[in-house]
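Student: Could you work out the structure for the sequence below:
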Amino acid sequence: MVAEVLRSGWLGMGPKVSEFEHAFADYVGASHCLSANSGTAALHLAVRILDLPPGTEVITTPVTFISTNHVILYERLVPIFADVEPDTGNLDVESVRSKITEKTGAIMIMHYGGYPCELDEFYALSREHGIPIIEDCAHACGSSYKGHRIGSHDTIQAYSFDPTKNLTTGSGGAVTFSGDAYEPRLRALRYMGVDKDSFSRMNQGETGYSWEYAVNEIGFRYHMNDIAAALGLAQLKRLAADNQRRAGIADLYSAALANVPGLTLLRRDKDRVSANFLYAVLADDRDGLIRKLSENGVGAAVHFKRCDAYPMYELQNLPNVELFCSQVVSLPMHPCLSDKEVAYVVRLISEGW
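Tutor: Numbers count the residues shown, from 1 in each chain. Okay, the predicted model is just below:
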């Protein structure tokens with residue numbers, strides 16, 4: 001598909017971008033999909049479209065990559081950190097409820113590792129208080145909750161398609177949403193505020209190209225290009241098989257590590273399906289485990305250092321966040337991992353550290 005784009009002579013935002021957007025919307029079950037050049041850009045667009053006044057509070061998680069909360073600051077809003085569930089890393093509904101004030105303008109949830117949050121409870125809370133929810137779905141491409149794919153629920157979701165994600169476009173992202181209200185403005189916002197992109201202005205008027213367009217507000221250089229979209233279309237065809245393999249690897253880990261001393265597995269309920277972007281566990285001596293694996297040629301990672309621990313934020317009293325972030329470790333997880341390699345990782349952990 002990439003070769004087809006290169007031969008076409010149109011490398012920017014064009015027909016492949018539109019094709020990818022329709023295909024991804026169909027996949028997740030959303031009314032609309034608007035692609036972007038990064039997950040951060042997509043999440044920023046999701047925040048911008050809400051038009052929250054400066055100083056408005058957005059309740060969010062500190063157990064995430066920093067871009068989740070940086071986009072709140074981009075809009076001169078105030079991140080309010082809530083606690084997480086100790087056995088999933090996802091935002092805790094009751095902690096979020098306790099943080100709601102008259103200044104609250106939105107709730108931003110993040111599906112940690114691809115495991116869906118308690119969406120029924122969060123959307124009930126949203127309706128109760130009239131507060132919109134933004135879903136950070138950077139880890140959740142292919143996840144589902146009670147039979148419905150993440151991306152098909154109310155309000156607005158943002159995805160990342162960077163090189164490490166379940167679906168990659170090299171670098172990219174997307175916003176999915178229901179209803180038509182956001183669509184025209186989001187299209188303009190992701191292309192410098194221009195209401196008609198270059199491809200849509202081709203073959204218009206007597207000259208074959210129209211240079212007439214409107215710019216009603218400041219926008220951003222956030223659009224995807226056709227090369228990235230072509231990669232995304234190819235990856236989308238592989239996503240189900242790749243996610244199935246990830247699920248198989250997760251099952252192997254879970255069966256083998258369930259009773260290892262010093263290790264706690266995260267909760268997995270039967271009413272939802274994780275995309276298994278991460279396979280994270282909690283270790284009593286997390287640093288010791290990472291050192292043992294590293295000494296034996298196995299890479300492990302920490303997702304994440306809590307955002308409120310960075311100097312630009314303010315450290316909060318969040319006991320579950322403190323415990324989770326001091327113990328969490330991500331084991332190797334990608335669809336090319338062999339059963340033999342999984343067994344090797346399991347053996348090293350089972351020996352102790």
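Student: show me the contacts for the closest residue to A106 other than its chain neighbours.
Tutor: Closest residue to A106 apart from its sequence neighbours, by CB to CB, 6 or more residues apart in numbering: V58 at 4.8 Å. The C-beta positions use only the backbone N, C-alpha and C, and glycine is treated the same way. V58 makes contacts with V47, L52, I72, L77, V78, P79, I80, T104, G105, A106, I107, M108, as judged by CB atoms under 8 Å, 6 or more residues apart in numbering.
Student: Confirm that V58 sits in a strand.
Tutor: Yes. V58 forms part of a strand when assessed by DSSP: H, G, I helix; E, B strand; the rest coil.
Student: Make a markdown table out of the contacts of V58 and add secondary structure.
Tutor: Below are these laid out as a markdown table (three-state DSSP):
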| residue | secondary structure |
| --- | --- |
| V47 | helix |
| L52 | coil |
| I72 | helix |
| L77 | coil |
| V78 | strand |
| P79 | strand |
| I80 | strand |
| T104 | strand |
| G105 | strand |
| A106 | strand |
| I107 | strand |
| M108 | strand |
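Student: which one of these sits closest to Y27?
Tutor: M108 (23.0 Å; CB to CB).
Student: What's the local residue count around the closest one?
Tutor: 27 (other CB atoms under 10 Å).
Student: quick one: contacts for it?
Tutor: By CB under 8 Å, 6+ apart, the neighbours of M108 are V47, V58, I59, T60, T61, T68, I72, I133, I134, E135, D136.
Student: among those residues, who's most crowded?
Tutor: T61 (31 neighbours).
Student: how close does that residue get to I134?
Tutor: To I134, T61 is 12 Å away according to CB to CB, to the nearest Å.
Student: Which neighbours do those two have in common?
Tutor: M108, I109.
Student: Surely L293 touches L348?
Tutor: Yes. Using CB atoms under 8 Å, L293 is in contact with L348, at 6.0 Å.
Student: What segments of the stretch 51-200 of the chain are strands?
Tutor: 57-60, 78-81, 104-110, 133-136, 144-145, 148-149, 156-160, 173-177 (DSSP state E, counting those that start in this stretch).
Student: Of all the ones you listed, which one is nearest D120?
Tutor: strand 144-145 (8.2 Å).
Student: Paired strands for that closest one, with orientation please.
Tutor: With DSSP bridges as the test, strand 144-145 is paired with strand 148-149 (antiparallel), strand 272-273 (antiparallel).
Student: Give me the contact list for it.
Tutor: Identification of contacts with strand 144-145 by CB under 8 Å, 6+ apart yields P116, L119, I150, H153, D271, R272, V273.
Student: which one of those sits closest to Y222?
Tutor: I150 (21.7 Å).
Student: can you pull the contacts of that closest one?
Tutor: Remark: with contacts taken as CB under 8 Å, 6+ apart, I150 is in contact with V28, H111, P116, E135, C137, A140, S143, S144, Q157, A275.
Student: can you rerun that using 6 Å?
Tutor: When contacts are counted by CB atoms under 6 Å, 6 or more residues apart in numbering, I150 touches P116, C137, A140, S143.
Student: Would you point out the most distant pair within those residues?
Tutor: Largest pairwise distance in these, by CB to CB, is 9.3 Å, between P116 and C137.
Student: just to revisit the earlier point, now the contacts of M108 as CSV including pLDDT?
Tutor: Shown next, in CSV, are the contacts of M108 (pLDDT from 0 to 100):
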residue, pLDDT
V47, 98
V58, 98
I59, 98
T60, 98
T61, 98
T68, 97
I72, 98
I133, 97
I134, 98
E135, 98
D136, 98
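Student: Give me the residue ranges of the chain where confidence is low.
Tutor: The chain contains residues with pLDDT under 70 at 1-2, 5-7, 9-11, 197-211.
Student: quick one, phi psi at the residue nearest the centre of it?
Tutor: For the chain, the residue nearest the mean C-alpha position is A138 (1.3 Å; CA atoms, centre = their mean). Main-chain torsions, A138, degrees, to the nearest 10: phi -60, psi -30.
Student: The residue nearest to it when sequence neighbours are not counted and V298, how far apart?
Tutor: Spatial nearest neighbour of A138, excluding adjacent residues (CB to CB, 6+ apart): S160 at 3.9 Å. Separation of S160 from V298 (CB to CB) stands at 25 Å.
Student: Looking at the two, which has the bigger crowd around it?
Tutor: Comparing S160 with V298 by other CB under 10 Å, the one with more neighbours is S160, at 30 against 16.
Student: need the contact list for V345.
Tutor: Contacts of V345 (CB under 6 Å, 6+ apart): V298, P332.
Student: if we can go back for a sec, would TSV of the contacts of M108 with distance to M192 be doable?
Tutor: Converted to TSV, the contacts of M108 look like this (distance: CB to CB, whole Å):
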residue	distance to M192
V47	18
V58	25
I59	31
T60	28
T61	31
T68	24
I72	22
I133	28
I134	23
E135	26
D136	24
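Student: which ones are touching Y74?
Tutor: With contacts defined as CB under 6 Å, 6+ apart, Y74 is in contact with H44.
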